[in-house]
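**Student:** 3D, please:
(4 chains)
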2 protein chains.
Amino acid sequence: MTKLSDKTEKFIARYGEMASHWGLNRTECQIHALLFLSPKPLDAEEISETLSVARSHVSNSLRELENWGMVKPTRVLGSRREYYETHADVWDMFRQAVSEQKRREIDPWMRTLREAVDELDDPYAKKRVGDMLGFFETFSKWYEDVRRLPTPLVRKFLTLGGKAVSLLGLN
Amino acid sequence: MTKLSDKTEKFIARYGEMASHWGLNRTECQIHALLFLSPKPLDAEEISETLSVARSHVSNSLRELENWGMVKPTRVLGSRREYYETHADVWDMFRQAVSEQKRREIDPWMRTLREAVDELDDPYAKKRVGDMLGFFETFSKWYEDVRRLPTPLVRKFLTLGGKAVSLLGLN
DNA sequence: GTAAGTTTTCACTCCATACAGAAATAAGAG
DNA sequence: CTCTTATTTCTGTATGGAGTGAAAACTTAC
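**Tutor:** Numbers count the residues shown, from 1 in each chain, chains lettered A, B, ... in the order given. Coordinates of the predicted model:
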């Protein structure tokens, strides 16, 4: 068990608070933070001791993080334990997070919107929901396009920022 | 008190579930949904009755929604009650939501990241946090640029999607 | 000033869900 | 097959926060 420094502990705590609005709970996020800061993969036992969280809870949390694609299990030679690590590249990490978020939240919500547009009787309500659906559809298409691009290109594109708009002569 | 249709009720309920990951609670989101679907502004009393939620809770929720800029109070002639309505344009609505979300979640998180980069002793951890900060900074700059554009332009820009990248000759 | 209408505050209840710890199950070594 | 080690399931507890309803505090009309 590695004793964490005060600064590290504080960071992990805040990471847990912050990220717990993304669908994962506090402990899950803290585990992710710990792995994110660790230069080498850690096993469940180590995580449990370092964060003072029940061993079983760590197992469940790791499983959930795996479902989200936020951690990767790796086998280490000569040990039968599973070791876990996070993405080496933060951009890949966030791309994964966003993609899961979309799959779990946005896509079902868009289905609900489509259903509502079909079902609602009141014409004003129908129009309003239709407007919202339109917004999501535009955004969703944009995202699907960007999603296909390799990371360095996304990076360049985002760095351009508003300049892209003037370069394209949209205004 | 207006009795809601089954379809409308279902939609409002789902809206509450979905949106409650955005920092507002279920009831607050349901109130927003109700106002969003209503062709005319509603007062707290009506909302309370229609959604079967305690009058006081509605008041508090409306206040919170106001803090978020998600509802606007309007005075109606000959009545001293306050009436509430949502944005007429969904794009404006989401721009407001995103802007609040950034102010309340992203900005503080970026401050934490900067602090951590300064404070952390372990060089690997420092590098990792720095990477994450870099990601947020790129994104934040992009957002600030886009934020300044008028809605129709943002719309055009997003609609272009991946084509923008090839048009700009980035690849 | 008082009275009527409206919002805010506060103390309390209740529910969801995070988390602990024990027990059960599975997997690998010999 | 059996012993050891690792993970999963299950049951109970506890904590945070949503929601209630009454009481207090404003606000405007008269």
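**Student:** now for the host helix or strand of A:Met110, which elements pack on it?
**Tutor:** Secondary structure from DSSP states H and E places A:Met110 in helix A:107-119. Here helix A:107-119 touches helix A:123-148, helix B:6-19, going by 3 or more Cβ pairs under 8 Å, 6 or more residues apart in numbering or on different chains; DSSP states H and E. Bear in mind the C-beta positions are built from the backbone N, C-alpha and C, glycine included.
**Student:** Pull the last one out as CSV, backbone CA atoms only.
**Tutor:** What follows is helix B:6-19, C-alpha atoms only, in CSV (Å, rounded to 0.1, in the frame of the first residue of the first chain):
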residue,chain,number,x,y,z
ASP,B,6,-51.0,11.1,-20.2
LYS,B,7,-48.5,11.7,-23.0
THR,B,8,-47.6,15.1,-21.6
GLU,B,9,-47.2,13.7,-18.1
LYS,B,10,-45.0,10.9,-19.4
PHE,B,11,-42.8,13.4,-21.2
ILE,B,12,-42.5,15.7,-18.2
ALA,B,13,-41.6,12.7,-16.0
ARG,B,14,-38.8,11.6,-18.4
TYR,B,15,-37.6,15.1,-18.8
GLY,B,16,-37.2,15.2,-15.1
GLU,B,17,-35.2,12.0,-15.0
MET,B,18,-33.0,12.9,-17.9
ALA,B,19,-32.2,16.5,-17.0
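**Student:** buried residues in it?
**Tutor:** Within helix B:6-19, the residues that qualify as buried are B:7-8, B:10-12, B:14-16, B:18-19, counting by 16 or more other Cβ atoms under 10 Å in any protein chain shown.
**Student:** what sits against the closest residue to A:Asp43 other than its chain neighbours?
**Tutor:** Spatial nearest neighbour of A:Asp43, excluding adjacent residues (Cβ to Cβ, 6 or more residues apart in numbering or on different chains): A:Arg81 at 4.5 Å. Listed by Cβ atoms under 8 Å, 6 or more residues apart in numbering or on different chains, the contact set of A:Arg81 reads A:43-45.
**Student:** how much does the helix or strand hosting A:Ala97 deviate in direction from helix A:6-19?
**Tutor:** Assigned by DSSP H and E, A:Ala97 belongs to helix A:90-101. Helix A:90-101 runs at 30 degrees relative to helix A:6-19, counting by axes from the mean of the first three to the mean of the last three Cα atoms, to 10 degrees.
**Student:** and the end-to-end length of stretch A:97-111?
**Tutor:** Stretch A:97-111 has an end-to-end distance of 21 Å (Cα to Cα, to the nearest Å).
**Student:** residues making contact with that stretch?
**Tutor:** Here stretch A:97-111 makes contact (Cβ under 8 Å, 6+ apart) with A:22-23, A:68-70, A:133, A:136-137, A:140, A:143, A:147, B:14, B:18, B:21.
**Student:** what do you get for stretch A:9-18?
**Tutor:** Contact with stretch A:9-18 is made by A:4, A:26-27, A:29-30, A:32-34, A:36-37, A:51, B:105, B:108-109, B:112, B:116, B:120, B:125, B:129, as judged by Cβ under 8 Å, 6+ apart.
**Student:** buried subset of these?
**Tutor:** Buried among the contacts of stretch A:9-18 (16+ other Cβ under 10 Å): A:4, A:26-27, A:29-30, A:32-34, A:36-37, A:51, B:105, B:109, B:112, B:116, B:120, B:125, B:129.
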